[in-house]
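Participant: Have a look; sequence and predicted model below, questions after that.
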Amino acid sequence: MTETGPGTDVEPWWKSAVVYQIYPRSFADSNGDGVGDIRGIIDHLDHLEELGVDVIWLSPVFRSPHDDNGYDISDYQDIDPVFGTLSDVDELIADVHGRGMRLIMDLVVNHTSDEHPWFVASRQSRSVPTSDWYIWRDARPGTVGGQPGAEPNNWGSFFSGSAWEWVPAREQYYLHLFSKKQPDLNWENPDLRAAVFDMMSWWLDRGVDGFRMDVINFISKDPSLPDGELMSTGYGDGTPSFSYGPRVHEYLAEMQAEVFAPRPGVYLTVGEMPAVTPEQALAFTDETYGQLSMVFQFEHVDLDSDGEKWAPRPVTVLDVKESLGRWQSAMGSRGWNSLYWNNHDQPRAVSRFGDDRTYWYESATALATVLHLHRGTPYVYQGEELGMTNVPFDTIDDFRDIESLNYYDAEVHGRGRAPDDVLASLRRKSRDNARTPMQWTADEHAGFTHGTPWMPVNPNARHINADAQRHDDRSVYAHYRRLIALRHQEPVVVDGDFEMILARHPQLYAFRRTSPESQLTVYANLSSQPVTVPSAEPGATLLLGNYHDGADGSDLRPWEARVLIRRTSST
């Protein structure tokens, strides 16, 4: 890119981009307080520039009580002192733009913190201007507010317990789909929507290049708020009433018209959308009438759960191919996919879908190869480019995440389950697997801080770290660099049609990308056993592989990935 910042492009630049997510609390600590900060990010921009990424997605750095590590925002237009200042963010934006990259912020507007001034006023009175900016309901008829069973409906919170909290001052309940310190905003109120749009415009004026929108499909709820089907937790599943609410497209279209349409240039807008279907995602991202650049869908990262997050289910290569292949087909040439294995809410992919022991390097790079060469925009979560793994948590005291801690308390103390059984689930799926400090060096605390880190460093930082990999041409980091460069160099990676091949093969993940100029074929053995490729590719040459001694005939070794290209015309 020769120009950066808003107002300089007329084409969707994000189609050829690779996005890198930073979880600021765990990225780099510059002042020794044990918590990552904005100056720590600035100090490590060389790492990202050398990697070749185009966009940085910055998870929340706004003022917050940190009940949910910053996803509970008390001031959208200021920076929490633990992370730095607005001046630090301005410097970060300028430095990122100066390096030919862009920066997007996290937009968390399904809910705020209960310490946000909007809610502080709203909970005290039904007559203040923000009284109706949150979702308030009376107790069920014939019940006493605040008593068990008086909640307006039976919905459960994603963070355990009821989704309703009683406030005596108002004599009403408020809805919180997540923590009770994260009250849901009432998007039915036009003044609330206007305030959100003004805030977004304020950040765009400051130079950010778009937003990742947290659970944005939850902003429209069925006004009747009906009871949901009972789950094993004893609470009702409310998702049918808010995962694709009746006004969600209207709200996002209004956002597009009020915030983005008046501005020149193209912005990246990616909506996180749990439970979204391929058909719904196409409606959100259709290049003609959609409201967003792309969505984050959850289908492939829910494959290893049996109905509920903590209930394990084995996953096969066929499962993954069927899921990702369906999304490639559904988006076609009209919609657009976001491509990810990892983020701050997901355990590490090499431990989850790969083999993080015997074939750590091979499986980390094979999974990356498959993902990055699909049609869509790839996302790299901090440490993924190093092959960072899940964490060997010893006890519940090692965990920090509110979701994990609440689940442990509900299961062990509420339902009487054995602590070891619950810990096994947490080790497998806890969000804390993604939140241990970034592994920069083999030094104490992995070079993350010279103080005491806010949560323990993964012990394998002694050999899995950036310092060991950045100048090693055979490292996971080097393979990510090559994959990102391939997206920038080969138009077929961005624009080519997608075709799954060998769809029923139990070990091979294979597909083709085809454009008028070239055909790219990817073969990846996603298993720890060798396999023979059953079809030849006449006229194709090896473009990229993850074994360093080249291709070995038609046999793919454990977790071996090969990328072949055949030119169909001069380019």
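Facilitator: That came through, no problem. Remember, it's a predicted structure, so these values are computed and weren't measured experimentally.
Participant: Run a quick neighbour tally on residue 229.
Facilitator: Neighbour count for residue 229, taken as other C-beta atoms under 10 Å: 10. (Each C-beta comes from the backbone N, C-alpha and C, glycine too.)
Participant: Specify the beta-bridge partners of it.
Facilitator: Beta-bridge partners recorded for residue 229 (DSSP bridges): residue 237.
Participant: That one touches residue 238, doesn't it?
Facilitator: No: with contacts defined as C-beta atoms under 8 Å, residue 229 does not count as touching residue 238, sitting 9.4 Å away.
Participant: what's in contact with the longest helix seen in the chain?
Facilitator: Ordering each helix of the chain by length in residues (DSSP state H) puts helix 190-206 first. Contacts to helix 190-206, defined as C-beta atoms under 8 Å, 6 or more residues apart in numbering, come from residues 6, 76-77, 89-90, 93, 105, 107, 109, 118, 129-130, 132-133, 185-187, 211, 251, 254-255, 258-259, 263, 267.
Participant: Likewise for stretch 412-430?
Facilitator: 304-305, 309-310, 312, 347, 390-393, 395-396, 399, 401, 403-404, 407-408, 411, 432-433.
Participant: please redo it, this time with the cut-off set to 10 Å
Facilitator: Contacts with stretch 412-430, where a contact means C-beta atoms under 10 Å, 6 or more residues apart in numbering, come from 160-161, 232-234, 301, 304-305, 309-312, 346-347, 351-352, 390-396, 398-401, 403-411, 432-433.
Participant: Where helices are concerned, which of those residues count?
Facilitator: Going by DSSP H, the helices hold 351-352, 403-408 from the contacts of stretch 412-430.
Participant: Dump these to TSV, plus distance to residue 502.
Facilitator: TSV is the format used below for those (distance: C-beta to C-beta, whole Å):
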residue	distance to residue 502
351	26
352	23
403	38
404	38
405	44
406	43
407	39
408	42
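Participant: Which of these ranks first by neighbour count?
Facilitator: Within these, most neighbours by other C-beta under 10 Å means residue 404, with 26 neighbours.
Participant: Can you tell me how far the residue nearest to that residue when sequence neighbours are not counted is from residue 418?
Facilitator: Closest residue to residue 404 apart from its sequence neighbours, by C-beta to C-beta, 6 or more residues apart in numbering: residue 430 at 4.4 Å. Distance of residue 430 to residue 418, computed by C-beta to C-beta, to the nearest Å: 17 Å.
Participant: neighbour count winner among the two?
Facilitator: Taking neighbours as other C-beta under 10 Å, residue 430 and residue 418 compare with residue 430 leading, 26 against 10.
Participant: So for that one, what's the pLDDT?
Facilitator: Residue 430 carries a pLDDT value of 90.
Participant: quick revisit: so which of the contacts of helix 190-206 are in helices?
Facilitator: Taking DSSP H as the definition of helices, the contacts of helix 190-206 contribute 89-90, 93, 118, 251, 254-255.
Participant: Pull the most distant pair out of those residues.
Facilitator: Spatially, the most separated pair among those is 90 and 251, at 29.7 Å (C-beta to C-beta).
Participant: more crowded one of these two?
Facilitator: Neighbours were counted for residue 90 and for residue 251 using other C-beta under 10 Å; residue 251 has more, 19 against 13.
Participant: Shouldn't residue 513 be within a helix?
Facilitator: No: with DSSP: H, G, I helix; E, B strand; the rest coil as the criterion, residue 513 is located in strand rather than a helix.
Participant: what about the nearest residue to it once chain neighbours are set aside, neighbour count?
Facilitator: Leaving out its chain neighbours, the residue that sits closest to residue 513 by C-beta to C-beta, 6+ apart is residue 496, at 3.5 Å. Taking other C-beta under 10 Å as the criterion, the count of residues near residue 496 is 20.
Participant: other SSEs contacting the host helix or strand of residue 174?
Facilitator: According to DSSP states H and E, residue 174 maps onto strand 172-175. With contacts defined as 3 or more C-beta pairs under 10 Å, 6 or more residues apart in numbering; DSSP states H and E, the packing partners of strand 172-175 are strand 136-137, strand 164-167.
Participant: Next, the buried residues of that strand.
Facilitator: Going by neighbour count (16 or more other C-beta atoms under 10 Å), the buried part of strand 172-175 is 172-175.
Participant: Stretch 64-77 now?
Facilitator: Neighbour counts over stretch 64-77 (16+ other C-beta under 10 Å) mark 64, 66-76 as buried.
Participant: mind putting the residues you listed in a markdown table, pLDDT and secondary structure included?
Facilitator: Formatted as a markdown table, these follow (pLDDT from 0 to 100; DSSP: H, G, I helix; E, B strand; the rest coil):
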| residue | pLDDT | secondary structure |
| --- | --- | --- |
| 64 | 97 | coil |
| 66 | 95 | coil |
| 67 | 92 | coil |
| 68 | 91 | coil |
| 69 | 87 | coil |
| 70 | 92 | coil |
| 71 | 94 | coil |
| 72 | 96 | coil |
| 73 | 98 | coil |
| 74 | 98 | coil |
| 75 | 98 | strand |
| 76 | 98 | strand |
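Participant: Go through those and name the one nearest residue 510.
Facilitator: Using C-beta to C-beta, the buried residues of stretch 64-77 come closest to residue 510 at residue 71, 38.0 Å.
Participant: Please tell me how far that closest one sits from residue 179.
Facilitator: Look at residue 71 and residue 179: by C-beta to C-beta, they are 9 Å apart.
Participant: what sits in contact with each of the two?
Facilitator: 111, 113, 402.
Participant: could the residues you listed be laid out in a markdown table, adding pLDDT?
Facilitator: Formatted as a markdown table, the shared contacts of residue 71 and residue 179 follow (pLDDT from 0 to 100):
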| residue | pLDDT |
| --- | --- |
| 111 | 98 |
| 113 | 98 |
| 402 | 85 |
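Participant: circling back: quickly name whichever of the buried residues of stretch 64-77 is closest to residue 328.
Facilitator: Closest approach to residue 328 among these (C-beta to C-beta): residue 71, at 29.8 Å.
Participant: re earlier: residue 148: which of the shared contacts of residue 71 and residue 179 is nearest?
Facilitator: residue 402 (22.6 Å).
Participant: Now do the buried residues in stretch 50-62.
Facilitator: 51-62.
Participant: Distance check, residue 215 against residue 426.
Facilitator: From residue 215 over to residue 426 the distance is 22 Å, taken as C-beta to C-beta.
Participant: In strands, which of the buried residues of stretch 50-62 fall?
Facilitator: Among the buried residues of stretch 50-62, DSSP state E puts 55-58, 62 in strands.
Participant: what's the farthest-apart pair in those residues?
Facilitator: Pairwise distances across those peak at 19.5 Å for 55 and 62 (criterion: C-beta to C-beta).
Participant: In terms of helix, strand or coil, where does the residue lying closest to residue 143 once chain neighbours are set aside fall?
Facilitator: Nearest residue to residue 143 in three dimensions, chain neighbours excluded: residue 150, at 3.7 Å (C-beta to C-beta, 6+ apart). Put simply, residue 150 is coil when judged by three-state DSSP.
Participant: just checking, residue 150 touches residue 166?
Facilitator: Yes: using C-beta atoms under 10 Å, residue 150 is in contact with residue 166, at 7.7 Å.
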